[in-house]
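Undergrad: Could you work out the structure for the sequence below:
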Amino acid sequence: MLRVAELIRHAVSQVLTRGGVNDPALETEVITVSGVKMSPDLKLATVLIVPLGGKDPTAVLAALERNRKFIRGAIAGALNLKFMPDLRFRQDEGFATQARIDALLHSEKVLRDLDSKNALDNKNYLEDKNP
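TA: Predicted coordinates for the structure are as follows:
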């Protein structure tokens, strides 16, 4: 399943990079194909995309959905699969989640808690060293 997902991810990114899709919404955008999730029966591939620069992906997703059959046909010739899965395009939320977690970890509350814990640990360590 993972091997097929990587083959599809690579093939979709090649089609998008080479400008094989003639759609005005896709010609001006740089799109990152961050991953592909396959269904257990390998009949559905969910392609996770992120527009470069964190732009609003709704126009890009709509353009990819309009050209889904063309992209599927273009990558079917490049892959040697018994059955070509149907493609579904979704925005990858992983980068936004990572940015939100980073912001939380660098917030003042967390830094204050870490500083007080470090100070307490240092105090306990020094008390253990000097009985």
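Undergrad: show me where the chain has helices.
TA: Secondary structure of the chain (DSSP state H): helices at 2-17, 24-27, 58-66, 68-78, 94-105, 108-129.
Undergrad: Reformat those helices as a markdown table; add mean pLDDT, mean neighbour count and distance to Ala45.
TA: The C-beta positions use only the backbone N, C-alpha and C, and glycine is treated the same way. What follows is these, written out as a markdown table (pLDDT from 0 to 100; neighbours: other C-beta atoms under 10 Å; distance: least, C-beta to C-beta, whole Å):
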| stretch | mean pLDDT | mean neighbour count | distance to Ala45 |
| --- | --- | --- | --- |
| helix 2-17 | 91 | 17 | 5 |
| helix 24-27 | 82 | 14 | 18 |
| helix 58-66 | 90 | 16 | 13 |
| helix 68-78 | 90 | 15 | 9 |
| helix 94-105 | 79 | 11 | 17 |
| helix 108-129 | 61 | 10 | 38 |
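Undergrad: unless I'm mixing things up, Ile31 is touching Val15, no?
TA: No - applying C-beta atoms under 8 Å, one finds Ile31 not in contact with Val15, separated by 10.6 Å.
Undergrad: residue contacts, the residue nearest to Gly20 when sequence neighbours are not counted?
TA: The shortest distance from Gly20 to any non-neighbouring residue, by C-beta to C-beta, 6 or more residues apart in numbering, is to Ala74 (5.6 Å). If you count contacts by C-beta atoms under 8 Å, 6 or more residues apart in numbering, Ala74 has them with Ala11, Val15, Gly20.
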